[in-house]
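Novice: 3D, please:
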Amino acid sequence: MDWVCYLRDEPLVPYDQLIENFEGLPQTGKQKLWVQRRANYLLSQEEVDELKLYLEKQYSFAVEVAAAKLPLKVEEIPNFNEQDVTGTIILRDRDEPFPLSVGIIGMVSGHRDLVNIQTVGELLGEIDRRNEKG
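Specialist: Next comes the predicted model:
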């Protein structure tokens, strides 16, 4: 599962500092907008720290973090094709107290049988169930 900020409208740092050769991207069409949207998925260190603390305390759920070194090459920016995402886990507005003000969600991909999971608790229950079978 990948945790991203799905609703961020502005980048964490200016795009020309975040993305290598940003000025060289096509100025028309959807390609540049798609690159910007994907760059906005990235979490700040503060958001990562809060997410880790929350998941570890609330669910004993370990979080692995891949740090990004700036500027990113376009091909290094996270890419979530909608057809690959089979479900999402939204921590806010599901009786899950979450301290961040941004819309961080978990993107479930690669496991088509997890499509109906909606909360971290349901995911952990499914992991426990599978561990018991294995």
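
Novice: which parts of this structure are strands?
Specialist: 2-5, 85-90, 104-109 (DSSP state E).

Novice: quick one: least confident helix or strand in the chain?
Specialist: In the chain, no helix or strand scores lower on mean pLDDT, DSSP states H and E than strand 85-90, which sits at a mean of 58.

Novice: so which residues make contact with stretch 28-48?
Specialist: With CB atoms under 8 Å, 6 or more residues apart in numbering as the test, stretch 28-48 has contacts from 3-6, 8-12, 15, 18-19, 25-26, 51, 63, 65, 68, 72, 74, 77-80, 100, 102, 104. For glycine as for every other residue, the C-beta is placed from the backbone atoms N, C-alpha and C.

Novice: ok, of those residues, which come out buried?
Specialist: Among these, those buried by neighbour count (16 or more other CB atoms under 10 Å) are 3-6, 8, 12, 15, 18-19, 25, 51, 72, 74, 77, 100, 104.

Novice: which ones among those residues lie within helices?
Specialist: Using DSSP state H, the members of the buried ones among the contacts of stretch 28-48 that fall within helices are 15, 18, 51.

Novice: and these as JSON lines, adding pLDDT and distance to D128?
Specialist: Converted to JSON lines, these look like this (pLDDT from 0 to 100; distance: CB to CB, whole Å):
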{"residue": "Y15", "pLDDT": "95", "distance to D128": "42"}
{"residue": "L18", "pLDDT": "95", "distance to D128": "39"}
{"residue": "L51", "pLDDT": "81", "distance to D128": "21"}
